[in-house]
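Trainee: okay, here's the prediction I keep looking at, along with the sequence it came from:
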Amino acid sequence: MAVSTPVLPLTDRAAPAGATYLNAERGLRSWLFTLDHKRIGVMYLVVILASFLAGGIFALLVRTELLTPGPTIMGPDTYNKMFTLHGTVMIFLFIIPGIPATLGNFVLPLMLGAKDVALPRLNLASFWIWVTGATVAISAIVLGGVDTGWTFYTPYSTTTNTAVIPMTLGAFILGFSSIFTGLNFIVTIHKMRPEGMTWMRMPLFLWGIYATAIIQVLATPVLGITLLLLVAERVLGVGIFDPALGGDPVLYQHFFWFYSHPAVYIMILPAMAIMSEVIAVFSGKRIFGYRFIAASSIAIAILSFLVWGHHMFVSGQSSLANLVFSALTFAVAIPSAVKVFNWVATMYKGSVRLLTPMLYALSFLFLFTIGGLTGLFLGALATDVHLTDTYFVVAHFHYVMFGGTVIAFLAGLHYWWPKMFGRMYSERWGRVGALLIFVGFNLTFFTQFVMGSHGMPRRYFNYLPRFEGLHQASTVGSYVLGLGFMVVAAYLLHSLFRGAPAPANPWGSATLEWETSSPPPPHNFDEEFDASDPYDIESLEYDPAGGGYRRHDPSAIRLRPAGAP
Amino acid sequence: MASPAHTGGPHLAHHFANLDQQYQSAKLGMWVFLATEVLFFGGLFCAYVVYRANHPEVFLYAHQFLDKRLGALNTAVLICSSFTIAWAVRAAQLKQVRLLILLLSLTFLLASGFLGVKYIEYRQKWEHGLLWARRYHPEVHLVQEGPGHDVEVPGAAPPGPGAQAAQEAPVTPAADGDADRSRIADAASGPVGLAEPMPASGEHRVVAEPHNAQVFFSIYFLMTGLHGIHVLVGMGLMVWLIALAWRGAFAGGNFTRVDMFGLYWHLVDLIWIYLFLLLYLVH
C-alpha cells in the first residue's frame, strides 16, 4: 500500500519571524489539512477530550442509575446500552489513542530535535481515519445503541438486534488509525534520532511510546480481523463463532483478548512513559535506573502478548492453559514493579517540587500500585473464580486505566501544556483539581472493590439492598470526580486566553522539546542538537528574568544551525 | 508506506536530512506495514489451524470440491506477476520509463487474470451451493468409484466397522438431554462419530459428508475473499503508478513508490501460495 508523499508545504519557512505553529497560518483549512505534527496533535487533543467528555457523561448516567436498586432514571435496556457506550467510547475513542496520538504526536518529534514525524501525510491520514471510525461508531447510538458491553462477546453479539455492526466497524476503522500512528512512531524513532542520541540515550518517554507502538502494530490487526469476522458472522452467517453452524464462540474470546490484553498495555505504557519524565524533572534529579526502566517497557510489550488467556479462566479453558496463563500473568508484575521502584528511588533525596504535574504523578504511583496489586488477585486462579465478573474486576481496571492512564495523561497534559499553548495555567486551581480528582476517584472505585469482594456482579442493572450504601458512596464519588474535571477544564480553558506567557523551559527539564520557544515555531528548531543526555537536569538553572530555566552553557548541546551540512 | 517527493523540485522532503534517510524511512514503514498485514491474515490462518486440528475430516472431504488445476493456474499467474513487478522495480531504478509502464501493465493484466479465474471458481461454488456456513446447501456429492480407495475420507468411512462406531457415538451428547451440545461435534468423537453412513449403490458410492463440512467453505471464502480484496487494492495502486509513470514521475530515478508497491505485491503473492497449499492441497 504505497501512500503519498510527505512533502511539507514550504510556507512555514516563509512565516514571519517570531510566528508560532499556532498562528503561522490561519483559517480552518490550515488546520484540517495540516501536515504539522503539532497541529495534528492539538486536533487529536480536541476530539479525544470531546470523546472523554461523552464517555464521562455516559459513566455519570450509569452511576446515577445505580443510586437506588431498581429503575432510578432509566430502564434496564437503556442501562445496558449506556454502560456499553461508556466502555466503547472510553476504550476505543479515548484511552487507546489518548496519549500517543495527542501528547505523543506533539512531543515525539520535538524530543528528537526533528522537524516532524517521518511520515507526516500518514499522520494526517490516521487523524482522518480516527474521525471516520469515530463517526461510524457513534452512529450506532442513532441506530438504536449497542447492549453487548465493549467486548462484543459472541454468541450474544451475533444474535442481539441492536446496532452491533456500526459499532464494530467503527472500532475496526479506529484500529487502522492506531496502527498508522504506531507505525509512524516506530519509523520516526528508528530513523530520525539526532546525533548523540543512541538507543540508550533516548528520553524514556520515547522508549515508552516505542514499546506502545510495537503493540499497536502487532496486536491491532488481530482485532481488525476479529471484528471483521464478527461482522461477516452477522451479515453472511459464516459460522466461525456460531456453534449451531459448527463454530466456536470461545475462539472469539481468544481472538478478542489476543488484541485486547496487549491493548491494555497500549493504554498504560505511554502513561508510564510520561511518569518517567515528570518524576525525574520534579525531583530535580537524574532518573534512577534508566536502563531498567527502558528495558521494562519492552519486557511489558513482549509479555503483553502472552497473557490473554487470563480473561478466560472460567470460559472452559484447560487447566494446563489456565496454569500457564496465570504464571505468565504474574510475570508482568516484575517489569511493572521495576518501574515503580525506580520512580520512587528517583525521588529519594531529590528536591521534590509538588507542582500540579507532580501531584498527578504521585497519585499515579499510589493508584497504579493498588490497581497492579489487585491484578494479582485476579491472576491467581482460585481467587479469580470468586472475583470473575464482579465489581472487583471493574474497580481493578479502573484503578489501572483511570488511576494509571488518565491520571498520567493529566500529568503529561499539565506538564506539556505550557509548551503546547505557550500559556501557564493557575497552579492553585491545578492543585484543587488534582485533589478533587484523587478523592473522587478513590471514593468511586474503592467502594467497588468492597462490593466486588462481597459478590456484587458487574453490569447488573439491579442489586441487593445491602449494597445500597456502597453504591451511593460510589455515585457520590463519581460526582466529585466530575466536578474535579470541570475545574480542570475551566482553568485550562481560562489559561488559553488569560494565562501568563510560558517561558521556553518552565519546569527545568533537560529534554530537547524545552530548547525551543513555547509554543514552538512551525519548523520546531533553528538548530541541530547533540542530544546525548536527556536527564542532565542538574545542568539547568533558574533564570528569574525569564521566569523559566536555562542551561549553564546553552551552546554545549547546540551543534549547528538547522539545515547546515 | 510513503515515498520521497518527486512532484517537481527536489525529491527530499524538508524534514529529512538526506535522501538515504528518506528512502530508509519509507522502506522500514513498508516492512512494518507488511508485518501488520501478516497478523491481519494471521487471525484467519489461526482459525484454519484450530478447525483443521479439531476436524481434519472436514478439510480432507471438502477440499476435494476445489479445482486444483485452476488453483495451480492462479498460483502460476501470481508468481509470473511477482516476476514482472520485480522487473518493474529494476526498470524504475534504471529510469526506463517505457519498460516500467509495460511491466506495470503486464502485472495488472496478470492480476486481472487471477481474479478472472477466481470468478470462475466462485461461480462454480455458487452454482453447486457450496457457500459459507449459513448458505451451504450442497447440490453435488463426492462419488467413490469401485472398491478402490482413490478418494479417502477417513471421517466419512463407507459402511463397515467404522459405521458401527458412527451409529453409537452421537448418542453420547444427545443422551445428556442438552439440546445445544448435540449439534457440536466433539473434537475426540467427531471424525468417526458423527459421519452418516450412506447406502452403496452399485459401483458408485456417494461419499458420506462429515459433520460441519460448511466450516471449510466459510474459511475458504473468508481467506480467498480477503486475499481477493488485497489483489483489487493492488490493481488500483498499479493504475495509480502507471498514471504517475506516464506523467514522468519516475524519470528522475526516484523509484521508491514502485519499490514499496513491489514489496506489497510480493506479500499478496506469498499469501496466495500459502492459501493454495492449505486449501487446495490437503492430505
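Mentor: Nice, I can see it.
Trainee: enumerate the residues of the stretch 151-300 of chain A near chain B.
Mentor: The stretch 151-300 of chain A has residues A:179-180, A:183-184, A:186-188, A:190-192, A:217-222, A:224-226, A:228-229, A:232, A:236-240, A:242-248, A:251, A:255 near chain B, with proximity defined as C-beta under 8 Å from any C-beta of the partner chain. In this view, the C-beta of every residue, glycine as well, is placed from N, C-alpha and C.
Trainee: ok, residue A:469 - how many residues close by?
Mentor: The tally of other residues near residue A:469 (other C-beta atoms under 10 Å in any protein chain shown) stands at 11.
Trainee: tell me the contacts of it?
Mentor: Contact analysis of residue A:469 by C-beta atoms under 8 Å, 6 or more residues apart in numbering or on different chains lists nothing.
Trainee: pull out the buried residues from the strand or helix carrying it.
Mentor: Per DSSP states H and E, residue A:469 falls inside helix A:468-498. Using 16 or more other C-beta atoms under 10 Å in any protein chain shown as the test for burial, helix A:468-498 gives A:470-471, A:473-478, A:480-482, A:484-485, A:487-488, A:491-492, A:495.
Trainee: where does the stretch 151-283 of chain B get nearest to chain A, residue-wise?
Mentor: residue B:212 (3.3 Å; C-beta to the nearest C-beta).
Trainee: show the pLDDT at the residue lying closest to that residue once chain neighbours are set aside.
Mentor: Nearest non-adjacent residue to residue B:212, counting by C-beta to C-beta, 6 or more residues apart in numbering or on different chains: residue A:246, 3.3 Å away. With respect to pLDDT, residue A:246 scores 86.
Trainee: neighbours around residue A:246, how many?
Mentor: As a measure of burial, residue A:246 has 24 neighbours, counting by other C-beta under 10 Å.
Trainee: any idea how far it is from residue B:130?
Mentor: According to C-beta to C-beta, to the nearest Å, residue A:246 and residue B:130 sit 15 Å apart.
Trainee: how about residue B:231?
Mentor: Applying C-beta to C-beta to residue B:231 and residue B:130 gives a distance of 22 Å.
Trainee: tell me the domain ranges of chain B?
Mentor: Listed by automatic domain parsing, the domain ranges of chain B are B:26-133+B:214-280, B:155-209.
Trainee: list the contacts of residue 39.
Mentor: The chain I'm using is chain A. So residue A:39 contacts A:21, A:31 (C-beta under 8 Å, 6+ apart).
Trainee: the chain in question should be chain B.
Mentor: A:218, A:219, A:221, A:222.
Trainee: which is the next helix or strand following the strand or helix carrying it?
Mentor: In this assignment (DSSP H and E), residue B:39 forms part of helix B:19-54. As assigned by DSSP H and E, the chain's next helix or strand after helix B:19-54 is helix B:56-62.
Trainee: by proximity to chain B, which residue of the stretch 451-565 of chain A wins?
Mentor: residue A:523 (8.0 Å).
Trainee: for that residue, which three-state class applies?
Mentor: What DSSP: H, G, I helix; E, B strand; the rest coil gives for residue A:523 is coil.
Trainee: what pLDDT does the model give it?
Mentor: 91.
Trainee: how about residue B:242?
Mentor: pLDDT at residue B:242 comes out at 96.
Trainee: likewise the one 3 residues further on?
Mentor: Residue B:245 is assigned a pLDDT of 94 by the prediction.
Trainee: over to residue B:166?
Mentor: Confidence score, pLDDT, at residue B:166: 40.
Trainee: before we move on, what about the one 4 residues further on?
Mentor: Per-residue confidence at residue B:170 stands at 40 (pLDDT).
Trainee: isn't the residue nearest to residue B:212 up against residue B:211?
Mentor: Yes - taking C-beta atoms under 8 Å as the definition, residue A:246 is a contact partner of residue B:211 at 7.5 Å.
Trainee: can you list the residues of the stretch 1-150 of chain B near chain A?
Mentor: B:1-7, B:13-16, B:21, B:24-26, B:28-30, B:32-33, B:35-37, B:39-44, B:46-47, B:50, B:55, B:132-135.
Trainee: from these, which would you call buried?
Mentor: For the residues of the stretch 1-150 of chain B next to chain A, buried by 16+ other C-beta under 10 Å: B:1-6, B:13-16, B:21, B:24-26, B:28-30, B:32-33, B:35-37, B:39-44, B:46-47, B:55, B:132-135.
Trainee: OK, contacts around the closest residue to residue B:42 other than its chain neighbours?
Mentor: Counting by C-beta to C-beta, 6+ apart, residue A:222 is the residue found nearest to residue B:42 once chain neighbours are left out, at 6.6 Å. Listed by C-beta under 8 Å, 6+ apart, the contact partners of residue A:222 are A:255, A:258, A:259, B:39, B:40, B:42, B:43.
Trainee: one more time with 7 Å, if that's ok
Mentor: A:255, A:258, A:259, B:39, B:42, B:43 (C-beta atoms under 7 Å, 6 or more residues apart in numbering or on different chains).
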